[in-house]
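In: Next come a sequence and a model predicted from it.
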Amino acid sequence: MMDTHKKTLIVFSGDLDRAVAAFIIANGAAAMGDEVTMFFTFWGLSILRKPHPPSHKRSFLQSLFGRMMASGPKQLGISKMNFGGLGAAMLRRVMQQQNASSLEELMTTAKEQGIKMLACTMSMDVMGFRPEDLIDGLDFVGVASYLAEADEANVNLFV
Amino acid sequence: MMDTHKKTLIVFSGDLDRAVAAFIIANGAAAMGDEVTMFFTFWGLSILRKPHPPSHKRSFLQSLFGRMMASGPKQLGISKMNFGGLGAAMLRRVMQQQNASSLEELMTTAKEQGIKMLACTMSMDVMGFRPEDLIDGLDFVGVASYLAEADEANVNLFV
Amino acid sequence: MMDTHKKTLIVFSGDLDRAVAAFIIANGAAAMGDEVTMFFTFWGLSILRKPHPPSHKRSFLQSLFGRMMASGPKQLGISKMNFGGLGAAMLRRVMQQQNASSLEELMTTAKEQGIKMLACTMSMDVMGFRPEDLIDGLDFVGVASYLAEADEANVNLFV
């Protein structure tokens, strides 16, 4: 059955600019009364990481991935012209000057609006992330759960 | 209500290859009788820039972004193997050799087919673009307008 | 008419990580009984290339593109932190350690599940690929065929 008031977004990217776009769309839809589900997978998980997670055992490659991936919104780069983080800092600054919400603020709004945030367990296994490495309030699910949500939505985007 | 003859595309990317793909899909759908809406945001705005816009006051960071972003189709890079523009030039040349429409031609066709082109005002504010910096025939809207269009469409893509 | 049990994916990207994501979603949907169509275009065609295709005449630029693009799953890079293929090798290895299916295995499953795989003929012309350069079991079509499939689907993604 079709529910015209549900939206889903797959957040595959871990770029600041794409993450901001995803949350602006998600918050916009929620503000219009839509039910919204975001499914974070692959690099998208880096948006959800705590800056200082409890340490735990990982394989060598998982540690390497973990150290190379951003830990939360403040460390994200941008998809173009990042120049080792300079571009991301520029984007954050210019958004602030224009009174646009920061990614952290957008994420807080998303929680307040009841947007459902799903973390992909298969990606977590590959990257070596445990639930305690990520922010609170997530559901930990596989791709089948995303697909069940998408089946009920009228707009589904891959970011 | 579901309208099975409407399509929307979010054009987030400012890469030549992705822009070409977006316009080919959009023009293909319009040629089949579909109503099509394209929502240009973030780097996607660079596709719409005039090469020589009137000068106006911008913040330092906005000028920097403005100078670093492409000004219209001819300056766009490609998402892979760009090599400082060489890859983009190669792609343009090989498309021409194969009698594929250039991005400029695809954009003209889009206009002729009545494809609705929306420019994201929030991104314009961040990047420091004014309506006169962009090509004619655009609507200037926020994400809510995109979402209203997507609600009426049966295919919605994020490019 | 809306068929709630059909999904389409445009595979534009030729990155290993994005290709894996696309096939996991596609296989997940097929396992749930959905009809699934994947439309491979631009860099996405590199996923479908045979490692040693028969040689044929191409233009200089087509040969150059052909030599620079990956030939099949084993040569794909990843969208972030590729470091000349090291990142891709790391991802393949860590996926193996976690008993996640490789891209090759995911592609075999896709075929076994009857997922329809379409190769974009316009991109093939531009890149200089012929049907014999690509794996077996593909349909060779234009964007109109993709759009006809998407019109019947309830989830359509651009990867």
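Out: All right, it came through fine. Quantities reported herein were computed from a predicted structural model and do not represent experimental measurements.
In: Now the helix or strand harbouring A:M122 - C-alpha only, CSV.
Out: Under the criterion of DSSP states H and E, A:M122 resides in helix A:121-127. This file holds the C-alpha atoms of helix A:121-127, laid out as CSV (Å, rounded to 0.1, in the frame of the first residue of the first chain):
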residue,chain,number,x,y,z
THR,A,121,24.7,-3.4,10.5
MET,A,122,26.5,-5.0,7.6
SER,A,123,28.5,-1.8,7.1
MET,A,124,29.1,-1.6,10.8
ASP,A,125,30.6,-5.1,10.7
VAL,A,126,32.8,-4.3,7.8
MET,A,127,34.0,-1.0,9.3
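In: Helix or strand next in line after that helix, which one?
Out: Taking DSSP H and E, what comes next after helix A:121-127 is strand A:139-141.
In: any low-confidence regions in chain A?
Out: Within chain A, the segments meeting pLDDT under 70 span A:1-4.
In: ok, and the closest non-adjacent residue to A:L157?
Out: Closest residue to A:L157 apart from its sequence neighbours, by C-beta to C-beta, 6 or more residues apart in numbering or on different chains: B:F158 at 4.2 Å. C-beta coordinates here come from the backbone N, C-alpha and C atoms, glycine included.
In: ok, that neighbour touching A:V155?
Out: No: judged on C-beta atoms under 8 Å, B:F158 makes no contact with A:V155 at a distance of 9.9 Å.
In: out of those two, which sits in the more crowded spot?
Out: Taking other C-beta atoms under 10 Å in any protein chain shown, B:F158 and A:V155 do not tie; A:V155 has more neighbours (28 against 25).
In: mind listing what the more buried one touches?
Out: A:K7, A:T8, A:A29, B:L147, B:A150, B:D151, B:A153, B:N156 (C-beta atoms under 8 Å, 6 or more residues apart in numbering or on different chains).
In: Could you name the helices and strands sitting against the helix ranked longest in chain A?
Out: In chain A, assigned by DSSP state H, the helix with the most residues is helix A:16-31. Secondary-structure packing of helix A:16-31 (3 or more C-beta pairs under 8 Å, 6 or more residues apart in numbering or on different chains; DSSP states H and E): strand A:6-11, strand A:35-40, helix A:86-97, helix A:103-112, strand A:155-158, helix B:143-151.
In: Quick one: closest of those to A:M127.
Out: Proximity to A:M127 (C-beta to C-beta) singles out strand A:35-40 among those, at 11.2 Å.
In: on that earlier part again, let's see the longest helix of chain A as PDB, backbone CA atoms only.
Out: Extracted C-alpha coordinates of helix A:16-31, given in PDB (Å, rounded to 0.1, in the frame of the first residue of the first chain):
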ATOM      1  CA  LEU A  16      29.700  17.200   4.900                       C
ATOM      2  CA  ASP A  17      27.900  18.800   1.900                       C
ATOM      3  CA  ARG A  18      25.900  15.700   1.000                       C
ATOM      4  CA  ALA A  19      25.100  15.100   4.700                       C
ATOM      5  CA  VAL A  20      23.800  18.600   5.000                       C
ATOM      6  CA  ALA A  21      21.700  18.200   1.900                       C
ATOM      7  CA  ALA A  22      20.300  14.900   3.200                       C
ATOM      8  CA  PHE A  23      19.300  16.400   6.600                       C
ATOM      9  CA  ILE A  24      17.800  19.600   5.000                       C
ATOM     10  CA  ILE A  25      15.600  17.400   2.800                       C
ATOM     11  CA  ALA A  26      14.700  15.100   5.700                       C
ATOM     12  CA  ASN A  27      13.900  18.000   8.100                       C
ATOM     13  CA  GLY A  28      11.900  19.800   5.400                       C
ATOM     14  CA  ALA A  29       9.800  16.700   4.800                       C
ATOM     15  CA  ALA A  30       9.300  16.100   8.500                       C
ATOM     16  CA  ALA A  31       8.300  19.800   9.000                       C
END
